[in-house]
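# After the sequence you'll find the predicted model.
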Amino acid sequence: MASVKELLKKTLYDLRKDDLKEFQWHLRNDYGFPASGLEEADVLDTVDKMVECETQEEAVKITVKILRKINQNQLAEELEKKHKEGKGAVDSKAVDVDYSEFSNTLKKLFKQKYERILDGNSETSRQRYLDDIYTDLYIVKNHTGGVVNEHEVRQIESNRTSAEDTSVMCNDIFKVQRDTGRQNRKVLTLGIAGVGKTVSVSKFILDWAEGKENQEIIFIFPLPFRQLNLISGNRSLMGLINKKFFGSDKQLSSLPKEEGKVMFIFDGLDEGRFSLSFKNSEGFTDVTKETTVDVIITNLIEKNLLPSALIWITSRPAAAHLIPPDYIDQVTEIRGFNDEQKKVYFTRNSDPDMSERIISHMKRSRSLYILCHIPVFCWICLSVLQPLMMIQENQNKSPTTLTGMYIYFLLSQMKQMTDKYSDNLPQSFEDVVLKLGKLAFKQLQKGNLIFYEKDLKECGLDERDGLVFSGLCTQMFQTEKPVSGRKVFSFVHLSVQEFLAALYVLFIYRNKKTNPFSPSLTLGDKLIRKFKKNSLVDLHKIAVENALQSENGHLDLLLRFLVGLSLESNHNDLKDLLPSLKITAEDMGQTVEYIKQTIKNEESSEKSINLFHCLNELNDDSLIKEIQKYLNSEGLSAQDLSSVQWSALVFVLLMSEETQEMFEMQKYRRSDEAVIRLLPVIRNTRRAL
Ligand SMILES: Nc1ncnc2c1ncn2[C@@H]1O[C@H](COP(=O)(O)OP(=O)(O)OP(=O)(O)O)[C@@H](O)[C@H]1O
């Protein structure tokens, strides 16, 4: 049970500086506390003073009253509730339970479990010591929360350090915060796919289990959504914990009620396949009573169940809205690696010379270098570039576009598979890749990132194929070990799903000359198609239209890969997968023209930026050159820029190194339009002049 002093301290830490001042003012004026002891008093001094002057019971009552007076009703209620609970425990003569044996058992279990991780995320990829590969990530405190209506990769490309970010170390998230003096109890950590959420959680747990950090916590219970999905039927919280973490011979019978002693970590909210209903929550408080998993989770988050627990939820940004912001004390965001951390990552995972060569290669293509913010992308680059660069004559073959990088990644997987299994293959690599491509495309259209066996079956992959494939082509596909018989599948990274989906679209086009984007054609459409086969440029047009129509940009990267794959130099590398795919220079010329024209007509610079990336994949920089020339001309700030020029300006600036340091806003235009248009740039500039 928390002491009264402890309770008061925790409560007052939740007050802002001004509120604390007002609180002290009421102590002096309404309750006659001596002014001398409260001048310049911080939270600890204030609590000491109160308990010195009043009985503990009275100190709580006074605090509750003043909190109500200054409109801190929720804090007042929480304090009252916790104080009552504490008293209840004493009244019922509850003896202090010694949890050390269970805590040590858990630490021992986690030391083994989290000491090594699957580097690169797949079931059969290499197990590495977490401490050997772990590189610090750039994590910031971020209050914005909410839904992010932008494609994840595009987001990282425009999501660089800004002057207002306050960074935080992963192990410090639940400690008293230096800037606010508050302690977070419920934290939501956001981050795009592959940015290191699960690795951060693992590192937090390992450091705790090894006795290095956060030792005031007695129990940490990691309950990833991916595993919670698989639990059917009713469970009690205690039942769930005992089943998952302790053997049947010795069961934990209660949990510590003291503030901050138990922590639940819910990793991967975006993967949750059940709905969390906060509005209709029933106020479920009994840790031994059985109910459904979603009720347990919502009531833990709402603080009905075990209100003293610390809660850490991680999620990709698109699912953040599933938890109402009122229930979260602090949102943090993992931004991935900053430039220094990228360097550390490559050096730790190769040698200094190789790391230098890889980084200088990546820097030649700004887009790729920026994407190295994402650790899993660093890992993909490393697995592609390291073997290539070891051989002198391959140096110039190293890919410089996103599509090129993923093609090499796919080819490296194929080589690994054939080397390993040679004649023992149940079906060809090409067959499996195309079936997976179908799965990737169908699920991407529905916005699904994890799949079950029935989803595999629909695409002609039976469960065995999936597992065999995950065993063969390890880094592409991962399976979660079954907890209750059901298996879950996902691609190692969302971008891999998007790449395979693009490959499938091109495959369907080559075989059937149809466009897989529009499943329900009208009769008229069908008749037209019968007499006129789609050309490649038609396919590209439809893909562009679909991507532009998407509100959250979920088809942007697919489009980028699709046009990239259509380039002759790229599809030549995939002859086995796409034989007799004939694409002429004329076809590609038409596509380039179409994209340029669309950029010219597109009002939104955010949307146009992806189209500029498409031109980049096609090695066409004519539009950019034209606009750069224009921007370099004198007297620019006096002239009106057209829509396309604004978009190009934003693209060029986003892609330029200097922009990160300083963006000379006045050089372009001092007008409202300029501010709106250049917002993505300004947002990412450390100093907007
Ligand atoms: N801090 C890190 N140091 C070194 N490698 C890392 C780090 N974080 C992530 N990685 C690499 O990236 C891979 C993916 O990371 P992780 O599984 O944590 O991503 P995630 O954010 O949980 O993604 P998702 O949303 O897809 O679950 C890891 O398997 C590892 O190879």
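Ah, there it is. No experiment lies behind these values; they were computed from the predicted model shown.

# Contact distance from the ligand - what residues of the protein qualify?
119-121, 133-135, 137, 191, 193-199, 268, 316, 345, 375-376, 379 (C-beta under 6 Å from any ligand atom). Every residue, glycine included, has its C-beta placed from N, CA and C.

# Narrow the residues you listed to those that are buried.
Those of these that meet the buried threshold are 119-121, 133-135, 137, 191, 193-199, 268, 316, 345, 375-376, 379, by 16 or more other C-beta atoms under 10 Å.

# So, low pLDDT: which residues of the stretch 551-689 of the chain?
Along the stretch 551-689 of the chain, the model assigns pLDDT under 70 to residues 580, 628-641, 643, 649, 652-689.

# what sits against the residue in the stretch 301-450 of the chain that the ligand sits nearest to?
Proximity of the stretch 301-450 of the chain to the ligand (C-beta to the nearest ligand atom) peaks at residue 375, 3.3 Å away. By C-beta atoms under 8 Å, 6 or more residues apart in numbering, residue 375 lies in contact with 135, 137, 194, 195, 196, 199, 336, 337, 345.

# So which of these are in strands?
Judged by DSSP state E, strands contain the following of the contacts of residue 375: residue 336.

# So among the contacts of residue 375, where is pLDDT lowest?
Across the contacts of residue 375, the smallest pLDDT goes to residue 194, namely 80.

# Nearest residue to that one in space, please, no chain neighbours.
In space, and not counting its chain neighbours, residue 194 is closest to residue 376: 3.0 Å by C-beta to C-beta, 6 or more residues apart in numbering.

# So that neighbour: helix, strand or coil?
Secondary structure state of residue 376, per DSSP: H, G, I helix; E, B strand; the rest coil, is helix.

# Residue 287 versus that one, what's the distance?
Going from residue 376 to residue 287 by C-beta to C-beta, to the nearest Å gives 37 Å.

# for residue 226, same thing?
When distance is defined by C-beta to C-beta, residue 226 is 23 Å away from residue 287.

# Relative to the ligand, which residue of the stretch 551-689 of the chain is the closest?
residue 557 (14.4 Å).

# Quick check: closest non-adjacent residue to that residue.
residue 498 (4.2 Å).

# The one you found reaches residue 553, doesn't it?
No. Judged on C-beta atoms under 8 Å, residue 498 makes no contact with residue 553 at a distance of 11.1 Å.

# ok, how many other residues are close to residue 256?
By other C-beta atoms under 10 Å, the residues close to residue 256 number 20.

# for the nearest residue to it once chain neighbours are set aside, what are its contacts?
Nearest non-adjacent residue to residue 256, counting by C-beta to C-beta, 6+ apart: residue 218, 5.4 Å away. Shown in contact with residue 218 (C-beta under 8 Å, 6+ apart): 99, 103, 256, 261, 262.

# now residue 411
Going by C-beta under 8 Å, 6+ apart, the list of residues near residue 411 reads residue 573.

# gap between it and residue 449?
From residue 411 to residue 449 the distance is 25 Å (C-beta to C-beta).

# And residue 241, by the same measure?
According to C-beta to C-beta, residue 241 stands 28 Å off from residue 449.

# The protein: strands as residue ranges?
Using DSSP E, strands in the chain cover 116-118, 127-129, 138-141, 166-167, 186-190, 219-222, 262-266, 310-315, 330-336, 450-451, 477-480, 488-491.

# which neighbours does the second one have in its sheet, and in what orientation?
In this case it means strand 127-129. In the sheet, strand 127-129 lines up against strand 116-118 (antiparallel) (DSSP bridges).

# Nearest residue to residue 223 in space, ignoring adjacent ones along the chain?
residue 266 (5.8 Å).

# burial of the one you found, as a residue count?
Around residue 266 there are 23 residues (other C-beta under 10 Å).

# tell me the pLDDT at it?
97.

# what's the answer for residue 36, then?
75.

# what about it, how many neighbours?
Count around residue 36 with other C-beta under 10 Å applied: 9.

# Sweet, I'm off.
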